[in-house]
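Engineer: Here's my sequence, what's the structure:
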Amino acid sequence: MSPAWSLPEDTHSISSIPNITWSGGPIKRVTAVVAAVPTLRLSGTPSVAGNQVQIDFNVTNYRAGMTFQVLNAPDPGAAWTTDSLASFQTVVPNAQFHVTTSTGGASKMFYRVQSN
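Structural biologist: Below you'll find the predicted structure:
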């Protein structure tokens, strides 16, 4: 089966779309690097004091520039909302952190910590 379109014999390209051709230029050797995926794990039971909750967590394979956010929901099956009042502190650089936020006066709340 022949292609629906073809390039002239003297065209050298790395990518082609009908009627558009980008020149490949010189060949460059590249090396693929597989980066380990960061993992967040709770380090103990979250603590509640008054209307504040503190969640301690560890990060393995920390990446420079990582950011964290807390989501909360009244039930694990409910819609999760980003908690813009959450405050993150570094305990051990690039490895251990804790976050504090308000319970909002709720008697029960579920929290999720995630990274970018």
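Engineer: For this protein, just list every one of the strands.
Structural biologist: For the chain, applying DSSP state E gives strands covering 13-17, 20-23, 39-42, 47-49, 52-60, 68-73, 81-82, 87-92, 96-102, 110-115.
Engineer: Please render these as CSV that adds mean neighbour count and distance to Val33 to the earlier fields.
Structural biologist: C-betas here are computed from N, CA, C, even on glycine. As requested, the strands of the chain are arranged in CSV below (neighbours: other C-beta atoms under 10 Å; distance: least, C-beta to C-beta, whole Å):
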stretch, mean neighbour count, distance to Val33
strand 13-17, 11, 21
strand 20-23, 10, 25
strand 39-42, 12, 19
strand 47-49, 11, 39
strand 52-60, 17, 18
strand 68-73, 17, 24
strand 81-82, 11, 32
strand 87-92, 12, 26
strand 96-102, 18, 26
strand 110-115, 16, 20
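Engineer: Leu85 contacts Thr100, doesn't it?
Structural biologist: No. The pair Leu85 / Thr100 is not scored as a contact, 9.3 Å apart, by C-beta atoms under 8 Å.
Engineer: Flag the shaky bits of the protein, pLDDT-wise.
Structural biologist: Within the chain, the segments meeting pLDDT under 70 span 1-25.
Engineer: For Thr90, which non-adjacent residue is spatially closest?
Structural biologist: Phe97 (5.7 Å; C-beta to C-beta, 6 or more residues apart in numbering).
Engineer: any idea how far the one you found lies from Ser84?
Structural biologist: Distance, Phe97 to Ser84, using C-beta to C-beta, to the nearest Å: 18 Å.
Engineer: do the same with Thr45
Structural biologist: As for Thr45, its distance to Ser84 is 24 Å (criterion: C-beta to C-beta).
Engineer: For the residue nearest to Thr90, give the beta-bridge partners.
Structural biologist: Per DSSP bridges, residues listed as beta-bridge partners of Phe97: Phe57, Thr90.
Engineer: residue contacts, it?
Structural biologist: Asp56, Phe57, Asn58, Val59, Phe68, Phe88, Gln89, Thr90, Val91 (C-beta atoms under 8 Å, 6 or more residues apart in numbering).
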